[in-house]
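Trainee: sequence-free structure coming up:
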């Protein structure tokens, strides 16, 4: 169970990976604007870390570039926290 969700800048994400030897995985999230993209993550027994960069499909990059960085950040923070909560509450075995 991950107790805390932590967003990291690229340099911080790399440092955590090197220090903790964690595996990276990606999940797809859909922004409120309807644009889907990948978020890279890793986790340990206490925290879920995610790279604070959204990777949209190449054909949606232009639309994505029109969205405020702060709106993307807000959407991701809310959706990743909700996802983490629901996964902890109803784990898939």
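Mentor: Done, it's in. This is a predicted model, so every value here is computed, not measured. Numbering: from 1, shown residues only.
Trainee: quick one: the strands in this protein, in order.
Mentor: 4-8, 25-30, 36-43, 47-51, 55-56 (DSSP state E).
Trainee: strand 47-51 and the third one, what's the angle between them?
Mentor: Read that as strand 36-43. Here strand 36-43 runs at an angle of 140 degrees relative to strand 47-51 (axes from the mean of the first three to the mean of the last three C-alpha atoms, to 10 degrees).
Trainee: what does strand 36-43 contact?
Mentor: Residues outside strand 36-43 that contact it (C-beta atoms under 8 Å, 6 or more residues apart in numbering) are 2, 13, 16-17, 20, 22-31, 48-51, 53-57, 60, 64, 76, 80. Where you see a C-beta, it was placed from the backbone N, CA and C, and this is true even at glycine.
Trainee: what pairs with it, parallel or antiparallel?
Mentor: strand 25-30 (antiparallel), strand 47-51 (antiparallel), strand 55-56 (antiparallel) (DSSP bridges).
Trainee: and it, how far out from the chain's middle?
Mentor: Distance, stretch centre to chain centre, for strand 36-43: 4 Å (C-alpha atoms, centre = their mean, to the nearest Å).
Trainee: list the buried residues in that strand.
Mentor: For strand 36-43, a neighbour-count test (16 or more other C-beta atoms under 10 Å) marks 37-43 as buried.
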